[in-house]
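Chemist: just the structure for this:
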Amino acid sequence: MSLILNIMRIAVIGCGGIGGVVAGILGSQESDVLCVDINKDTVKRINDRGIRLYGKKGNINTSVRAVSSIGDEEGEFDVIVITVKSMVLRDVFELNKDHLSNDGLILTLQNGIEILDIVKDFPDVKTVAGAVGYNSQIDEKGEYIVTAQGGITIGNLTTGSDEDLLRLKNIFDPGILIDINRNITGVLWSKLLIVCGVTGLGGCSGLRLGELLGHREARQLFYRVVTEGASVSKKLGIQLEKFGRAINPEKFGDHKGGYPIFARYLLLKLIGITRQNIKAGIILDIERGNRTEVDFINGAVVKAGMALGIDTTVNREIVRVVKEIEQGNRRMTKGNLLEIMELNKR
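Modeler: Predicted coordinates for the structure are as follows:
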């Protein structure tokens, strides 16, 4: 911990849409924040201009330092926030865990559930996982736009205490509201299922959220995606959890206790209207020529389902279609949704 005013020393690793907002808000709240990103252009932009964000969390312009590697800095960190993509999470976790102070902790913020396997290999590293409820993207000027309001739900995965969670809450509030949940595994799975539906189907079709959820086929596939994922989580003994303002995704499934079809329709339509311009992360990755996270999102449901003998046809087909798009063998179109619907009927 910094000796000056006992300010927490925080490193934010990965300054994309989620990490940039975290760094900007914490920096504006007088935390000692260091940004770490392997993209040299991002590092230069942050050092030259600071972090600028606007939208649902207000307008913030704050000066923070940025480096390409945490090893470039002397000393240790009280909190390391890791917001990188799921496919590199394990490597980044292993590389940076030794830069924690004696009582330091890692907070991971991803769409997937990869951290649940990682902590099994590092049970002595104090690790807190979080599910992000807001949405943000980087615009053409390198500024961060928050397109949907929300906070972060956190919980301990290893040796952390309630005091550690309260410490994080005090650091983030009021800029980013923090909810604490003792069943963080259930929260992560709930977030995963929502992302499987929204991001997976968005990546197949190329449609923004409002237009996507306006199509009957997309809504029907969303129900199937969630039903498959909820079946897997139930078999694993995981109780899905409502997080933030979100609805428990199990309510969108075809299980006992799910909402009637008409209620599901109205809720998805409402989500589409209130978040109509959101573009799925998979779409952004494809447009930028980057590898997508589909193997760690819908693919995570497929992998677990195969091990348990549970059918995950729709999630499997989403993975197949997205990978064909990645490889340049298919375009993002609404027709891909119709194809998956037909395959699901067989």
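
Chemist: can you classify residue 80 by secondary structure?
Modeler: Three-state call for residue 80 (DSSP: H, G, I helix; E, B strand; the rest coil): strand.

Chemist: for it, what are its contacts?
Modeler: 10, 11, 13, 70, 96, 97, 99, 100, 104, 105, 106, 107 (Cβ atoms under 8 Å, 6 or more residues apart in numbering). Every C-beta, even on glycine, is put in place using the N, C-alpha and C of the backbone.

Chemist: contacting residues around the fourth one?
Modeler: Right, residue 70. Counting by Cβ under 8 Å, 6+ apart, residue 70 has contacts 11, 13, 34, 36, 77, 80, 95, 96, 99.

Chemist: spit out the contact partners of the fourth one.
Modeler: What it means is residue 36. 11, 12, 13, 14, 15, 66, 67, 68, 69, 70.

Chemist: which two from the contacts of residue 70 end up farthest apart in space?
Modeler: Pairwise distances across the contacts of residue 70 peak at 15.1 Å for 34 and 95 (criterion: Cβ to Cβ).

Chemist: what pLDDT does the residue nearest the centre of the chain get?
Modeler: For the chain, the residue nearest the mean C-alpha position is residue 111 (2.9 Å; Cα atoms, centre = their mean). Looking at residue 111, its pLDDT is 92.

Chemist: do residue 53 as well
Modeler: 90.

Chemist: try residue 246
Modeler: Residue 246 is given a pLDDT of 67.

Chemist: show me the helices in this protein, by range?
Modeler: 17-28, 40-49, 86-96, 114-121, 162-172, 184-195, 201-205, 209-213, 216-235, 261-274, 281-288, 298-308, 313-326, 335-345 (DSSP state H).

Chemist: rewinding a little: buried subset of the contacts of residue 36 as a PyMOL selection?
Modeler: This is how PyMOL selects the buried members of these, with burial counted by 16 or more other Cβ atoms under 10 Å:
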select buried, resi 11+12+13+14+15+66+67+70
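
Chemist: picking up where we left off before, from residue 281, how far out is the spatially closest residue to the residue nearest to the centre of the chain that is not a sequence neighbour?
Modeler: Ranked by Cβ to Cβ, 6 or more residues apart in numbering and with sequence neighbours excluded, the top spatial neighbour of residue 111 is residue 195, at 4.6 Å. Distance of residue 195 to residue 281, given as Cβ to Cβ, to the nearest Å: 8 Å.
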